[in-house]
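Q: mind folding the following:
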Amino acid sequence: MGCVNVRGWNVEKMEDLSREMNEWNIDVVGVTETQMRERIELRSETYSMIGKGRSKQQKKAGGVGVLVRQEAGIDVEELDVGGCEMGEDIMVVRLEYKVRKGRERILVIVCYMTVEGTGARAENERKYRIVQRVVEQNRSENVIVMGDMNGHIGVLGEEVNGNGQLLLDFAEENEI
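A: This next block holds a predicted model:
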């Protein structure tokens with residue numbers, strides 16, 4: 001499993017990413033900053049993708065998706081994040097897959113947090129509230145939160161920025 005910021009999405013990028021995922025034997029990858037403007041479903045020879053983007057009224061950045069290897073036998077169910085505007089940069093999928101004795105489920109939350117700037121803090125706080133709500137509603141499941149949080153968390157002498165502090169607060173609140 002992995003996550004990558006693709007900085008724009010098209011068929012060629014899907015083919016390139018599919019080849020890379022296949023080479024590294026990755027079954028699931030979250031993608032961020034697709035810059036898509038609508039909900040999409042795509043297929044390559046080996047992977048399927050579902051994704052969604054921002055409305056035309058918003059900036060071009062953002063957009064999220066999930067690619068899953070078709071032959072891995074993973075069932076993908078997209079869950080509603082509450083139908084709110086900020087949900088355009090958050091995708092929640094339940095993955096169900098076969099293990100030795102039955103099937104396992106895992107919830108994957110893929111997010112894109114807005115780069116710091118005018119209005120970004122309030123927007124990202126709303127997004128984290130959505131993610132927190134999804135985590136709380138699914139405490140009985142294994143949950144993975146991934147994405148581009150656009151945060152600096154102070155590693156290797158780097159200063160913690162506002163987005164980094166939001167991420168650190170989220171991690172502390174959820175004991176991760």
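
Q: so which strand or helix has the residue nearest the centre of the chain?
A: What sits nearest the mean C-alpha location of the chain, by CA atoms, centre = their mean, is residue 110, with 1.4 Å. Following DSSP states H and E, one finds residue 110 within strand 102-112.

Q: other SSEs contacting that strand?
A: Using 3 or more CB pairs under 8 Å, 6 or more residues apart in numbering; DSSP states H and E as the contact test, the elements touching strand 102-112 are strand 28-32, strand 64-69, strand 90-99, helix 120-137, strand 142-148. Where you see a C-beta, it was placed from the backbone N, CA and C, and this is true even at glycine.

Q: TSV for these, including distance to residue 14 and mean neighbour count?
A: Listed next are the helices and strands packed on strand 102-112 as TSV, based on distance: least, CB to CB, whole Å; neighbours: other CB atoms under 10 Å:
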stretch	distance to residue 14	mean neighbour count
strand 28-32	9	25
strand 64-69	8	24
strand 90-99	16	18
helix 120-137	25	17
strand 142-148	18	20
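
Q: farthest residue from the center of this structure?
A: residue 101 (28.7 Å).

Q: angles on the backbone of it, please.
A: Here the main-chain torsion angles of residue 101 (degrees, to the nearest 10) amount to phi -120, psi 60.

Q: okay, it: pLDDT?
A: Residue 101 carries a pLDDT value of 87.

Q: of all the helices and strands packed on strand 102-112, which one comes closest to residue 158?
A: Closest of those to residue 158 is strand 142-148, at 16.4 Å (criterion: CB to CB).

Q: neighbouring strands for the closest one, and are they parallel or not?
A: Taking DSSP bridges as the criterion, strand 142-148 forms sheet pairs with strand 102-112 (parallel).

Q: the strand it pairs with: which residues count as buried?
A: Within strand 102-112, the residues scored as buried using 16 or more other CB atoms under 10 Å are 106-112.

Q: render the CA-only coordinates of that strand in PDB, please.
A: The C-alpha trace of strand 102-112 is given here as PDB (Å, rounded to 0.1, in the frame of the first residue of the first chain):
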ATOM      1  CA  GLY A 102     -11.800 -15.700   5.700                       C
ATOM      2  CA  ARG A 103     -11.800 -12.000   4.800                       C
ATOM      3  CA  GLU A 104     -10.400  -8.900   6.300                       C
ATOM      4  CA  ARG A 105     -11.600  -5.300   6.000                       C
ATOM      5  CA  ILE A 106      -9.700  -2.000   6.300                       C
ATOM      6  CA  LEU A 107     -10.800   1.500   5.900                       C
ATOM      7  CA  VAL A 108      -8.600   3.900   3.900                       C
ATOM      8  CA  ILE A 109      -9.000   7.600   4.100                       C
ATOM      9  CA  VAL A 110      -7.200   9.600   1.400                       C
ATOM     10  CA  CYS A 111      -6.900  13.300   1.900                       C
ATOM     11  CA  TYR A 112      -5.500  16.400   0.300                       C
END
